[in-house]
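1. how would this look folded up:
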Amino acid sequence: VQLQASGGGLVQAGGSLRLSCAASGRTLNLYRMGWFRQAPGKEREFVAVIRWNDAITDYRESVRGRFTISRDNAKNTVYLQMSSLLPEDTAVYYCAAQNYGDSYYAYWGQGTQVTVSS
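-> Got it, this is the predicted structure:
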């Protein structure tokens, strides 16, 4: 599975951005896809996840109500709609995919920079 993330950029606090992550290759066994982020000097952290078959979602608490993860099965693409952005949301955002039978996210995108100015 190959993942291509896009949609990052520079936005003012309170603004919105939508990230996209297109999956290609062997995608028939997808279990779930997630978004993670890593700020400078910090460890990578979970942001949101969506289960591929039934679209069940989960979020880290600090983004719940501001971010929405969704997927388009026909396009093999997952989205992260980010609203009411805060400077502390600044990070490189990565999408990741987990297949059925795997206990971890085996596939990662290249990352896209999101910068929120105050």
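2. For the residue nearest in space to the middle of the chain, which non-adjacent residue is spatially closest?
-> The residue lying closest to the centre of the chain (Cα atoms, centre = their mean) is Trp35, at 2.6 Å. Distances taken as Cβ to Cβ, 6 or more residues apart in numbering place Val47 nearest to Trp35, at 4.3 Å, with adjacent residues excluded. Quick note: C-beta positions are derived from backbone N, CA and C, even for glycine.
3. Run through the residues that contact that neighbour.
-> 34-37, 59-60, 63, 67, 80, 93 (Cβ atoms under 8 Å, 6 or more residues apart in numbering).
4. can you do 10 Å?
-> Going by Cβ atoms under 10 Å, 6 or more residues apart in numbering, Val47 touches 19, 34-37, 59-60, 62-63, 67, 69, 80, 82, 89, 91, 93-95.
5. what do you get for Pro40?
-> Applying Cβ under 10 Å, 6+ apart to Pro40 gives the contacts 90-92.
6. Over to Arg18?
-> Contacts of Arg18 (Cβ under 10 Å, 6+ apart): 6-8, 68, 70, 79-83.
7. With respect to Thr112, which of the contacts of Pro40 is nearest?
-> Val92 (6.9 Å; Cβ to Cβ).
8. what helices or strands is the helix or strand harbouring that closest one leaning on?
-> In the assignment (DSSP states H and E), Val92 maps to strand 91-99. Strand 91-99 sits against strand 2-6, strand 17-24, strand 30-38, strand 45-51, strand 77-82, strand 107-108, strand 112-117, with contacts defined as 3 or more Cβ pairs under 10 Å, 6 or more residues apart in numbering; DSSP states H and E.
9. Show me what the third one is packed up against.
-> What it means is strand 30-38. Applying 3+ Cβ pairs under 10 Å, 6+ apart, one finds that strand 30-38 contacts strand 17-24, strand 45-51, strand 57-59, strand 67-72, strand 77-82, strand 91-99, strand 107-108.
10. I am finished for the moment; much appreciated.
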